[in-house]
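Visitor: The following block contains a protein sequence and its predicted model.
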Amino acid sequence: MGQPDATGRFGDFGGRFLPEALVPACREVEEAFLDAWHDPAFVAEYHRLLATYVGRPTPLTECVRLGERLGIRLLLKREDLAHTGSHKINNVLGQALLAKRMGRTKLIAETGAGQHGVATATAAALLGLDCTVHMGHTDMRRQELNVFRMELLGAEVVPAGVPGTAGTLKEATNAALRAWVSETRTAHYCLGSVLGPHPYPYLVRELQRVIGDEARAQAAELLPTGIPDVVVACVGGGSNAAGTFAGFVDTPAELIGVEAAGGAAVSTGTPGILHGFRSHFLQEGVQIAEAHSISAGLDYPGIGPEHMHLAATGRVRYPTVTDDEALSAVRALAVTEGILPALESAHALAWILRAAGTPELPTGTTVLLTLSGRGDKDVHQIRETLAC
Amino acid sequence: MLTLPRDHKLLIPYLMGGQSADWLDVAKAMAEAGADALEIGLPFSDPMVDGPVVQRAAATALSRGATPETVLKELSTVDIGVPLIAMTYANVALGIPDFPARLVEAGISGVIVSDLPLEESAEFRAAADRAGVSMVLLGAPDCADDRLARICAASKGFVYSMTAMRTTGEQAQLTTAAKDTVTRLRRHATIPVIAGFGISTPELATEICTEADGVVVGSALVRELLDGGDAATVAERVRGFRTALDRVA
């Protein structure tokens, strides 16, 4: 995928819409990352940690039974097997190394369900950095176990959102940005997805492109054509999808980003500005609306600016999937392949289940799906939902 | 366009539009108590640069059914008696069609858009100019001198000096960065340099105004209202700031 322009835009989307106090800090992150990303020693250290700590490369698993049932060849890129259980660790380790290179002693992060928070707390512990994670007051109640995991890893978890707000990822991101204003000289803001002010959408995509690069090399060995016909990933902010698509955007593969029906920024959002960038957001008038999804990782009201650009240019299609379809997909993968996917990833699989055998996904198609995380974190919620 | 007097230290209280049923009475009372201008918040769901007090005020206003549009409509029906400056966020300023013209219709002559910094604001500044509205830019302690110079050159009406690297909200004392930022801005500014963020007592206001041309007072007054205060109690607080500032040469 392409570079953003000098103002941090992908087409009409992106930019750096920030309080003046954060502009110098973001410029510093941009300069430091560009310098680091061109430094072979930094890149080598990042890949050493990915190999020895994260467990990369993650495998490509062929789902023979489910594939036969659907009449397609289905390959899973197994980010659920990465340390801490999701792709989030790829981004966080890179940013933690960057923070140390910049002389920062602390990471600040936002989290929704807790995956990014746990990954950030993990990287901070590994590299000896302090860590504060901002989490919506509602999410803290719903995800007590992840709060405890973060605290066990040495992080401070701070409730976000004043009375009258929903207390979810949107407020957590507001709170993390507010906290960063006071600590720009000592702390690095470790943003969790391909969103926020420039350079974060670009920086996070570059750190996640390891998913797509590995998958492309693995597919080249496995497939007669060298590349899959269709590449599918779920999209909240869109980091696992951006990393996956980066490996295939220059191929003829069809690219599909699957959004939650209650958080479908591409199809039901309107142009707006939030958290430092211009994209599409769910809105009521000029107020940002709350997204609703069974998957807390997909309940962000916007989408990363590069995804919006890919949608606008037609290179990637962004269909939506309902909570019920995602739950069915969890069960389908569990009983046919013995893999319990995260609810986020189940959305991407649900689209495949719906499209297989139709003109959208004809019989015989080869499909690569990034399984962004494992479903252990969602077991309680799935049980409660199915019991209703 | 926004023009402020230069013969005394300026007092600009902040009020969240629509945060209570009597907010227009509060605005009038602030003006009568000695404000030189008023900063009116247009409520936004995600006020990134605001601390807990102004966040609560925004959430309260929105829960009462207030919107930026209703606030502007209500303002257009009254004469507050002093210049008005709207304070809001980019999603509001760029999301409402012909926003600068709507401000003029509401009797507003200045605008602050907290998350529209120098580089992103050129187009909006031009549109505001055409409509006759002054866009006020902020300078922060972490900005290099050359950046502060460009901010001063682009800002209209006054330039807003952040007292510290922080969100809005009350504070007990000024940091060394507070005066330093004002001093650095004054080297480049031909318009007033007004300090804000954390000016919560008359003492802090007079302290910063040995260097600054005036102050914005926000959270201390907003909290008074959230705690049940009315137009009279807020006006009393404003008079306290006025009296103190009038003693500064």
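Guide: Looks like it came in fine.
Visitor: pLDDT weak spots in chain B?
Guide: Along chain B, the model assigns pLDDT under 70 to residues B:249.
Visitor: Farthest out from the centre of it, which residue is that? Tell me.
Guide: residue B:146 (24.1 Å; Cα atoms, centre = their mean).
Visitor: Mind giving me the packing neighbours of the host helix or strand of that residue?
Guide: Residue B:146 is located in helix B:145-154, with elements delineated by DSSP states H and E. Contacts defined by 3 or more Cβ pairs under 8 Å, 6 or more residues apart in numbering or on different chains; DSSP states H and E place helix B:145-154 against strand B:138-139, helix B:176-186. Bear in mind the C-beta positions are built from the backbone N, C-alpha and C, glycine included.
Visitor: now what about the first one, what contacts it?
Guide: So that's strand B:138-139. A:19-21, B:112, B:114, B:117, B:147-148, B:151-152, B:159-162, B:181, B:184-185 (Cβ atoms under 8 Å, 6 or more residues apart in numbering or on different chains).
Visitor: Could you turn the buried ones of the residues you listed into a PyMOL selection?
Guide: The following PyMOL line selects those of the contacts of strand B:138-139 that are buried, judged by 16 or more other Cβ atoms under 10 Å in any protein chain shown:
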select buried, (chain A and resi 19+20+21) or (chain B and resi 112+114+117+147+148+151+152+159+160+161+162+181+184+185)
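Visitor: Longest helix in the chain, by number of residues?
Guide: No chain was given, so I picked chain A. As assigned by DSSP state H, the longest helix anywhere in chain A is helix A:200-222.
Visitor: my question was about chain B
Guide: Max-length helix for chain B by DSSP H is helix B:231-246.
Visitor: list the buried ones in that helix?
Guide: Result for helix B:231-246 [16+ other Cβ under 10 Å]: buried residues B:231, B:233-235, B:237-239, B:241-242, B:244-245.
Visitor: number of nearby residues for residue A:268?
Guide: 17 (other Cβ atoms under 10 Å in any protein chain shown).
Visitor: Relative to residue A:269, how far out is the residue nearest to it when sequence neighbours are not counted?
Guide: Distance criterion Cβ to Cβ, 6 or more residues apart in numbering or on different chains; nearest residue to residue A:268, sequence neighbours excluded, is residue A:282 at 6.6 Å. Going from residue A:282 to residue A:269 by Cβ to Cβ, to the nearest Å gives 5 Å.
Visitor: which neighbours do the two share?
Guide: Common neighbours of residue A:282 and residue A:269 (Cβ under 8 Å, 6+ apart) are A:301-302.
Visitor: still on that earlier bit, what does the helix holding residue B:146 contact?
Guide: A:20, A:24, B:118, B:121, B:125, B:137-139, B:143, B:159, B:181, B:184-185, B:187-191.
Visitor: What is the subsequent helix or strand relative to that helix?
Guide: strand B:159-162.
Visitor: what's whichever residue of chain B sits closest to chain A in contact with, if anything?
Guide: Using Cβ to the nearest Cβ, the closest approach of chain B to chain A is made by residue B:59 at 3.5 Å. Applying Cβ under 8 Å, 6+ apart to residue B:59 gives the contacts A:162-165.
Visitor: close enough to count as contact, residue A:229 and residue A:363?
Guide: No: counting by Cβ atoms under 8 Å, residue A:229 stays clear of residue A:363, with 11.6 Å between them.
Visitor: So for the two, which sits in the more crowded spot?
Guide: residue A:229 (18 against 10).
Visitor: Now do the contacts for that one.
Guide: A:253-254, A:365-367.
Visitor: With residue B:103 instead?
Guide: B:72, B:86, B:109, B:111, B:131, B:133 are the contacts of residue B:103 under Cβ under 8 Å, 6+ apart.
Visitor: so of those residues, which ones are in helices?
Guide: B:72, B:131.
Visitor: Format the contacts of residue B:103 as CSV; extra columns: neighbour count and distance to residue A:145.
Guide: Output for these, formatted as CSV (neighbours: other Cβ atoms under 10 Å in any protein chain shown; distance: Cβ to Cβ, whole Å):
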residue, neighbour count, distance to residue A:145
B:72, 21, 46
B:86, 29, 45
B:109, 19, 54
B:111, 29, 46
B:131, 17, 53
B:133, 27, 51
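Visitor: which one of the contacts of residue B:103 sits closest to residue A:139?
Guide: residue B:86 (33.0 Å; Cβ to Cβ).
Visitor: For the closest one, list each beta-bridge partner.
Guide: residue B:40, residue B:111 (DSSP bridges).
Visitor: What of residue A:370?
Guide: residue A:77.
Visitor: Return the residues of the stretch 51-200 of chain A in contact with chain B.
Guide: A:162-165, A:170-171, A:174, A:177-178, A:181-182, A:184-185 (Cβ under 8 Å from any Cβ of the partner chain).
Visitor: buried subset of those?
Guide: A:162, A:165, A:170-171, A:174, A:177-178, A:181, A:184.
Visitor: want to try JSON lines for the residues you listed, with secondary structure and distance to residue B:197 as columns?
Guide: Listed next are these as JSON lines, based on DSSP: H, G, I helix; E, B strand; the rest coil; distance: Cβ to Cβ, whole Å:
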{"residue": "A:162", "secondary structure": "coil", "distance to residue B:197": "18"}
{"residue": "A:165", "secondary structure": "coil", "distance to residue B:197": "22"}
{"residue": "A:170", "secondary structure": "helix", "distance to residue B:197": "23"}
{"residue": "A:171", "secondary structure": "helix", "distance to residue B:197": "21"}
{"residue": "A:174", "secondary structure": "helix", "distance to residue B:197": "17"}
{"residue": "A:177", "secondary structure": "helix", "distance to residue B:197": "16"}
{"residue": "A:178", "secondary structure": "helix", "distance to residue B:197": "12"}
{"residue": "A:181", "secondary structure": "helix", "distance to residue B:197": "10"}
{"residue": "A:184", "secondary structure": "coil", "distance to residue B:197": "15"}
